[in-house]
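*Asks:* let's see this in three dimensions:
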Amino acid sequence: MQSDINGIKLINFNDISGTENDYTVVTELPYENGDDNFRPDIVVLVNGMPLSFIEVKRHNNREGILTERSRMERRFGNKIYRRFVGITQFTVFSNNNEYDDSDIEPIQGAFYASSSYKRMFFSKFREQRAEELEAKMKAIDPEYEAFILSDTNLISIKGTPEYASSLSENSPTNRIITSLYTKERLLFLLKYGICYKTTTNKDGITEIEKHIMRYPQLFATLAIRDKLREGVRKGVIWHTQGSGKTALAYSNVKFLTDYFSKEEGKIAKFYFIVDRLDLAEQAKNEFEARGLKVKLIKDKEEFITDITNPGESNTSGKVTMTVINIQKFSRDSVTKPSDYNVDVQRVYFLDEAHRSYNPTGSFLANLMASDRDAVQIALTGTPLIGDGYNTKDVFGNYIHKYYYNQSIADGYTLKLIREEIETTYKNQMNDTLDQIVRQGSIAKKDLYAHPKFVEKMVDYIIHDFGEGRTALDSTIGAMIVCDSSEQAREVDRQLNRFSAYTHALVLHDEGTKQDRKNDQEEFKKGNIDILVVYNMLLTGFDAPRLKKQYLARMIKAHNLLQTLTRVNRPYKGYHYGYVVDFANIKDEFDKTNKAYFDELQSELGDEVQNYSNIFKSKEEIEKDLNVVKNQLFLYDTSNVVSFINQISEIDDKKQLLDLRQALENYKAMYNLIRLYGYEDLYEHFNVENAIKCLNEVNNRISIINLKNSIDSSEDMSQVLNMALDQIDFQFRKIKEEELIIADAFRDSLEKTRREIVDRCLDPKDPEYISLLDELKRVFKKKNIEELTADEMKQMMGELDTLKKKAEKRNLADRMLAAKYSGDVKYMRTHKRIMGSPPPIADAITVHRILMSVKSKADDQIAHNENILDNEDYFIKSLQPIILRACMGENVKVDKPQLMFIDNCLSKEYILERDWVS
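*Replies:* Below you'll find the model as predicted:
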């Protein structure tokens, strides 16, 4: 789509005005494959291709977004829908609420995501150029508005307060639609915002992931463009650790290639500059995984050849990123006048621009001298301020900024919890140190690497890591940051005593380069549990499963922030990353922050507060733990069976939700409970019990959701959704046969749900009411979560019978609705007229009468949107319209018949209008 295919261009990306591309928006377009289909609420088509869709849920539907995401993931994972996943570039999901930044999972708000065969990552979007968009917005055309409402058979909602408020450009749904679907933004995202990343899973199978640009990356790209247009050729992108700076560089290779070609008539050459060999290899892998051609410079001579050659540095015709270590720049790697090609524009991306760029050193001087006209974009998460020179002074002003707090609120990074080691262990360590010292004078480095000291430290780490895996799950990994390479080797040796965990030692002089690379990859795949390091992997190493960091050395200044943020990547919905502090970093962290923020104040003013909240504060922790203590006070958490009996008596969903939150907080902060003086919690409530109790609370909430839905026919649309999405089917003895039956049962539930719930167009049809009653009877026979395999087989037969009956009924309703241009109000009225003995006429004549009524009634509402506010007046106003339509078909109706038709039709209009309320 981003280039010609056999000479055919699918989209004209230069057509911002919309005169050459066709942009179409439709509602409930069926995505069909055989008997299976789904209908997104709103579909956006470009040149006839359904490239994006929007799913909207009602306001304050707190479970709607999560449930919808689960359903969409299950749908996209189905091979039946694979072709639709492929053509869908991105999706939007909204329940029209503002974001709750305390939610780890996307519960409420308006989110966007790329399509995926597996888990979809829902991203928040926070507009940063609202005035620019508002200037391009036009007022709503009343005639076009009336056409849309009429075409979607929703003319009755015009004029309601709810409809008026839904038109507000400031509503969450409308804001994200404006941000993503203006023609310029849509074309930008389709061309530059989508990438395919190739990864290899733990089983060695290659997988392809579709990624969409995060909003800070989008606005950073636009900010770079603005600076270039102003004549600025260098600057700093300050994006916090874990915010995707490498992905930003990748997107800008594509964007800036076009920019320099169109606006300056130049060929762009791109360089990604690092200061360590391992980071060069890592950057190369990241760019290649996204499909970019990469040239890795091996020595100074190769770079001299490269920089003096214009144009691309390969013969493939693809845009190339040259990855180079800054040490490869030399006095000779300079574009000389005789070599210089005015058509070439070099672009330097400087990774981690807080290191190795001392203005008094030769490396930076060689870089600056290599091409005085190069565009220099410095990337950093922790810019240097003070200590003789500032990142901004070296590389120019900030182009775009994105801080920790915002990244945490957006779900791209996690807050950290610093865990002090237990007092009893501290005493043991001090005793051990005293014993070692009494043996004679010993250097500090040797002291901390002494086998006796390391033995105690490793014992503690193994115990704590085991508890961490129990509380979180068995897939999390750990990193031990050692005081010295000697200590790291001793830690690695001591870990051999514990066969339960695999581990790897990563030092610059340990093993080969390939060995170190393999260890990192195996850790990311989950095949290594613990990494032991000293200086390596403290920056640039990205492994989301790394959730425990054992810090046994003091690290200073910005390097400390770099190290800590190795554990802040999102993983499986966890709330925090954990730093176990052996080195007492608190004082150093506070000291670094104070000096750092004092300097930042002059640069950023009040914005400094956005960078100050990487750790969960002591006050926040104590507040959460007090909630845990009070919420759990009444429950017998020491006995899971007793606990189950207690919560089985609770029908108050809010009470259960509060209990669930308390249990989740306990699980997340179990290590802090004794530290903060909550021994009663710690002694009477272990981590394993917490997890069991949490599972039981979740199951109880699911059962209440299901029962509440069954008891209310209006909420019947949620019944099978709840059963399918949330109920945990458990067997006493799990056998392969039973697992297969459970999968088949879920499939049967899904197909029945689709037929009875999704496709029902007439809930008041006596046949549908009968099906609904039968469905309730099936579900109420036994608690669904306790079904055995045999009972599931029996229920599948009953569900299949119901599904076939519903299929027959729904097909007839769809065919009849099609006769009324899809307007179900008139389909239902037609059925009521034909079902009221004796009918006033045959079906064909009734259809002609109602079509005439529909035209006049819709036109009346379109020109007087307040008419439905006076229901009595509206009911009476339909009578002459109905009477004239009958007379036009030579059908005589008496007053009771006229009133019956009027009541049926007016109720349909009024119910439709009330539905939006």
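*Asks:* tell me how far stretch 173-190 lies from the chain's centre.
*Replies:* Chain-centre distance of stretch 173-190: 18 Å, with C-alpha atoms, centre = their mean, to the nearest Å.
*Asks:* what are the buried residues along it?
*Replies:* Applying a neighbour-count criterion of 16 or more other C-beta atoms under 10 Å, the buried positions in stretch 173-190 are 173-182, 185-190. C-betas here are computed from N, CA, C, even on glycine.
*Asks:* which other residues reach it?
*Replies:* The set of residues external to stretch 173-190 that reach it, using C-beta atoms under 8 Å, 6 or more residues apart in numbering, is 1-2, 11, 13, 15-18, 21, 23, 44, 46, 51-52, 54, 56, 89-90, 92, 94, 96, 110-112, 125, 127, 133, 136-137, 166-169, 212-213, 215, 218.
*Asks:* quick one: average pLDDT of that stretch?
*Replies:* Average pLDDT, stretch 173-190: 95.
*Asks:* and for stretch 352-370?
*Replies:* Here the average pLDDT along stretch 352-370 is 64.
*Asks:* picking up where we left off before, just the buried residues of the contacts of stretch 173-190.
*Replies:* When neighbours are counted using 16+ other C-beta under 10 Å, these contain these buried positions: 1, 11, 13, 21, 44, 46, 51-52, 54, 56, 89-90, 92, 94, 96, 110-112, 125, 133, 166, 212-213, 215, 218.
*Asks:* which positions within the strand or helix carrying residue 657 qualify as buried?
*Replies:* Using DSSP states H and E, residue 657 maps to helix 653-668. Using 16+ other C-beta under 10 Å as the burial criterion, the residues of helix 653-668 that qualify are 656, 659, 660, 662, 663, 664, 665, 666, 667, 668.
*Asks:* coming back round to it: which of the buried residues of stretch 173-190 fall in helices?
*Replies:* 173-181, 185-188 (DSSP state H).
*Asks:* farthest pair within these?
*Replies:* The span of these, defined through C-beta to C-beta, is set by 173 and 187 at 21.6 Å.
*Asks:* measure stretch 227-247 end to end?
*Replies:* Across stretch 227-247, the terminal residues are separated by 20 Å (C-alpha to C-alpha, to the nearest Å).
*Asks:* do the same with stretch 493-512
*Replies:* End-to-end span of stretch 493-512 (C-alpha to C-alpha): 19 Å.
*Asks:* I'd like the average pLDDT over it.
*Replies:* What stretch 493-512 shows for mean pLDDT is 94.
*Asks:* got the buried residues for that stretch?
*Replies:* Of all the residues in stretch 493-512, those buried under the rule 16+ other C-beta under 10 Å are 494, 495, 498, 501, 503, 504, 505, 506, 507, 510.
*Asks:* among these, name the ones in strands.
*Replies:* Secondary structure assignment by DSSP state E places 503, 504, 505, 506 of the buried residues of stretch 493-512 in strands.
*Asks:* nearest to residue 777, out of those: which one, please.
*Replies:* residue 503 (57.1 Å).
*Asks:* tell me who's in contact with the closest one.
*Replies:* 492, 495, 528, 529, 530, 531, 532.
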